[in-house]
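Trainee: give me a model of this one.
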Amino acid sequence: MRRSTIIRYNLLFRSCLFALLVALLTVVWCFVCMLVAPLPYNQRYWWTSRWNVAVIWMAKVICGIQYRVIGAERLPDAPVILLSKHQSAWETIFYLMWTPRPLVYVFKKSLTYIPFFGWGIALLRMIPIDRSKGKDAFAQVVAHGKKRLANGQWIIMFPEGTRIPVGQKGQYKGGGARLAVETGALVVPLAMNSGECWGKNSFIKTPGLITVSVGHPISPEGKTAVQLMQQVETWIEAEMRVISPRRYRSRPVAKSAAAPQEQE
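Mentor: As a prediction, this is how the structure comes out:
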């Protein structure tokens, strides 16, 4: 048997084992989440996020997916809206266990209807939205967002709206920047290349190193939502060429007004 065939079968076996164990863990952990539901929120959040810790650990041990974080010291001790590149499910799992404060996702309400997984999410203080409601949906995001930030939680959004294949760039939408302008919260851009190991809609997981790069906090003060998002987009897309030079080097970076500045 050729070496390439052996490698493919090995990747398939490891990916199958990983998927099976994640499915079993999800069912078991759903009941754990139900048991801890009466606890204070921070404790409930901690127990729920142990699922995330376990999945990231299994991805490392079974699939060989390592990770590193650059610039974590830039995260401020203040209300924050994280705006991240989005390439796979890996980062949605990772961020929940990694951030120093409880994290709030803005996500489609329909996800809460997924058996076991959705039930666990429903126990956390996330912000589910119905995109069909248009402006009313964003008004709800602002209202809930102000409460979450006031309670010491951080909000994360994916400006491209969906997972984008490695080497490509989606259209950056302004919801996260608008929320920052409305709330006055700092924005922290995040660049990451998870798609190189955990591709969009790919069952096979490939061993490798995922890099998460944290940008300097950006204040929304004196900026429009368009200016703020342009600043975020420019930094993220430029940073992608640093952490994934082989996949992005042939794609020029769009011009922007300025690069993110460190918050004083």
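Trainee: use CA for all of it now, contacts and neighbours both
Mentor: Will do.
Trainee: can you pull the buried residues of stretch 39-47?
Mentor: Buried positions in stretch 39-47, judged by neighbour count with 16 or more other Cα atoms under 10 Å: R44, Y45, W47.
Trainee: for V104, give the beta-bridge partners.
Mentor: Using DSSP bridges, the bridge partners assigned to V104 are I155.
Trainee: quick one: contacts for it?
Mentor: Neighbour list for V104: R125, M126, I127, R148, Q153, W154, I155, I156 [criterion: Cα atoms under 8 Å, 6 or more residues apart in numbering].
Trainee: pLDDT score for it?
Mentor: On pLDDT, V104 comes in at 93.
Trainee: and the gap between it and M97?
Mentor: 12 Å (Cα to Cα, to the nearest Å).
Trainee: what do you get for L190?
Mentor: To M97, L190 is 16 Å away according to Cα to Cα.
Trainee: over to L39?
Mentor: In this structure, L39 and M97 are 19 Å apart, going by Cα to Cα.
Trainee: V22 now?
Mentor: In terms of Cα to Cα, V22 sits 16 Å off from M97.
Trainee: and after the helix or strand bottoming out on mean pLDDT in the chain, which helix or strand comes next?
Mentor: Within the chain, no helix or strand scores below helix 117-122, which has a mean of 68 by mean pLDDT, DSSP states H and E. Helices and strands here follow DSSP states H and E; after helix 117-122, the next one along the chain is strand 127-129.
Trainee: may I see the buried residues of the very next helix or strand once past that following strand?
Mentor: Heading C-terminal from strand 127-129, the first helix or strand you meet, by DSSP H and E, is helix 135-150. Of the residues in helix 135-150, F138, V141, V142, H144, G145, K146, R148, L149 count as buried by neighbour count, 16+ other Cα under 10 Å.
Trainee: so which two of those residues are the farthest from each other?
Mentor: F138 and L149 (16.0 Å; Cα to Cα).
Trainee: end to end, how far does stretch 127-136 reach?
Mentor: In stretch 127-136, first residue to last residue: 13 Å (Cα to Cα).
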